[in-house]
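In: okay, here's the prediction I keep looking at, along with the sequence it came from:
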Amino acid sequence: MTGIVTSAGKMRQTTTVTVEHRKTHHKTLKEFKEHHKFLVHDPDESTVVGDRVQIRNCRPVSKRKRFELVAILQGARERVENMSEGVEVAAEVEAKL
């Protein structure tokens, strides 16, 4: 599963990851989003809020922790840099017009 880190650094070796699922209502056929929050075991404490991460099931680590961190797919810092590059490109295009 992949999700976004919503809380990190408040509990030792634990991060909170929100996973979003898109579903279709059986009668109205409208699409809607469903969110689930999971406590994830992060032994290195390497995640920050906003990271896109991959998680998987594991043995119970504590009462509510049943998932472990597999990989950080996209860091929050990279996402901010990509957004700022987009703004710079848009500013250059406007300047040329």
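Out: Structure's in. What do you need?
In: can we go C-alpha only for contacts and neighbour counts from here?
Out: Noted.
In: which residue ranges of this structure form helices?
Out: Assigned by DSSP state H, the chain shows helices spanning 76-96.
In: so where's it uncertain?
Out: Within the chain, the stretches with pLDDT under 70 are 77-97.
In: Ser7: what's it in contact with?
Out: By CA atoms under 8 Å, 6 or more residues apart in numbering, Ser7 lies in contact with 15-17, 48-49.
In: what bridges to the residue lying closest to it once chain neighbours are set aside?
Out: Closest residue to Ser7 apart from its sequence neighbours, by CA to CA, 6 or more residues apart in numbering: Thr16 at 5.0 Å. Here Thr16 sits in beta bridges with Ser7, Leu39, going by DSSP bridges.
In: and Thr16, what does it touch?
Out: Counted by CA under 8 Å, 6+ apart, Thr16 has contacts 5-8, 37-40.
In: hang on, Thr24 packs against Glu34?
Out: No: contact between Thr24 and Glu34 fails when scored by CA atoms under 8 Å: they sit 10.4 Å apart.
In: ok, the spatially closest residue to Pro60 that is not a sequence neighbour to Val40 distance?
Out: Closest residue to Pro60 apart from its sequence neighbours, by CA to CA, 6+ apart: Arg66 at 4.8 Å. Distance, Arg66 to Val40, using CA to CA, to the nearest Å: 7 Å.
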